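**Student:** following is a predicted model, sequence given first.
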Amino acid sequence: MDTLRIAILGSGYMGGSYAECIARYNTRVQLTAIAGGTRAPALAARYGVAYEPEYSALLARDDVDAVLIATPHDGHRDQALAAARAGKHVLIEKPMATSVRACDEMIAAFAAAGVVLEVIKTLRFRGSIARALRLIAEGAIGRVRAISGRSLFIGTGIEDKHWTMDADQGGMLLDMGCHNFDILCALAGVAPRRIYSTVTTYEGPPYLRRNAMTQINFDGDVTAQMWMSYEFPSPGLPDNAHRYLVVGEHGMLDIDGYGKLRIGAGESWEDVWQQPPIDYINRPLDPVRLEAFYTQTQLFVDDVLDGRTPAVSGADGRRAVAMVEAAWQSSQTGQSVALS
């Protein structure tokens, strides 16, 4: 097989983003069909591919080798398990599922079926964060000792995604926390072992789990703090949508996921790279925004076709969900929670 034939399940904001990536930017791949959601017929027509009114019909197609799942969180488990039973590879949007138990079921099912499961974690592939990870791997600041992260918003920015704040969907703690915790793990380079967190919401229902202050202990005496809020007052705090300070043995990295990457070593700070502006509201299909997305979809395509180890595995997706679960448990009990 020299071309991976992919179908998309989900036709909303993210489904449209991935359709653009696969059709316009990725290689060794063909977009063949789209299903799921009221916008699916129009999205399929836009890219000249088949529309399937039922997911089961999409999975039965001979011209579908893999499915990209971009649907609300609570559908991920059942949709992924159905794909595994049909022998389809899967690239699934974060969070991998709404519980660790569901993640474990998915991992086992894909292993048994002999097909690939990868989890979308696009923040790893944003320009400033990807470059920071390379600098850490190259030893530019020595062994990482501590990390401080901030993800602070006045609101979601895409208010029609109200479902992300529902309890059944895990609230904003799961929707964004799985991103934040994954990045902390990638920056630390070692396994997380214990979490203490306070999770709250100030506005009340229907908005849930919109603020969290979390401390994480990692192997090797690495510590991290993560402050997440979707109820920040106006005018907000500029340049803090995804901001991380990484302190190493002999240097520091100041990472703005939507702006500059700076390195501090010796007596001064140096600019390493500047992210071009991203307007995810008014220009969602701008190639500047899509770069991280088509980078990961290309990795998935190459991983499947070349038989490589997944770039972001089911185990990686499970770990982020486990950290979210532990943070919520810690907040409810007032105790720190061990991670296995």
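**Tutor:** Looks like it came in fine.
**Student:** off-centre distance for stretch 223-239?
**Tutor:** Distance of stretch 223-239 from the chain centroid (CA atoms, centre = their mean, to the nearest Å) equals 18 Å.
**Student:** tell me which element residue 132 falls in.
**Tutor:** If you go by DSSP states H and E, residue 132 is part of helix 127-137.
**Student:** which parts of that helix are buried?
**Tutor:** 127, 128, 129, 130, 131, 132, 133, 135, 136 (16 or more other CB atoms under 10 Å). Any C-beta I mention is one placed from the backbone N, CA and C, and that applies to glycine too.
**Student:** in its sheet, which strands sit next to the helix or strand following that helix, and in what direction?
**Tutor:** Under the assignment DSSP H and E, the closest C-terminal helix or strand after helix 127-137 is strand 144-152. With DSSP bridges as the test, strand 144-152 is paired with strand 223-229 (parallel), strand 243-248 (antiparallel).
**Student:** got the angle between the last one and helix 127-137?
**Tutor:** Going back to what we said before, that points to strand 243-248. 10 degrees (axes from the mean of the first three to the mean of the last three CA atoms, to 10 degrees).
**Student:** could you dump strand 243-248 to PDB, C-alpha only?
**Tutor:** The C-alpha coordinates for strand 243-248 follow below in PDB (Å, rounded to 0.1, in the frame of the first residue of the first chain):
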ATOM      1  CA  ARG A 243       2.600  29.900  27.900                       C
ATOM      2  CA  TYR A 244       5.200  27.700  29.500                       C
ATOM      3  CA  LEU A 245       8.400  28.500  31.400                       C
ATOM      4  CA  VAL A 246      10.800  25.500  31.400                       C
ATOM      5  CA  VAL A 247      13.700  25.800  33.900                       C
ATOM      6  CA  GLY A 248      16.700  23.500  33.300                       C
END
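**Student:** can you name the element that comes right after the host helix or strand of residue 180?
**Tutor:** Residue 180 belongs to helix 171-188 when assigned by DSSP H and E. Next in sequence after helix 171-188, counting helices and strands by DSSP H and E, comes strand 192-200.
**Student:** quick one: buried residues of that following strand?
**Tutor:** For strand 192-200, burial by neighbour count (16+ other CB under 10 Å) applies to 192, 195, 196, 197, 199.
**Student:** likewise for stretch 35-53?
**Tutor:** 35, 36, 37, 39, 40, 43, 44, 47, 49, 50, 51, 52.
**Student:** for that stretch, what is the average pLDDT?
**Tutor:** Averaged across stretch 35-53, pLDDT comes to 98.
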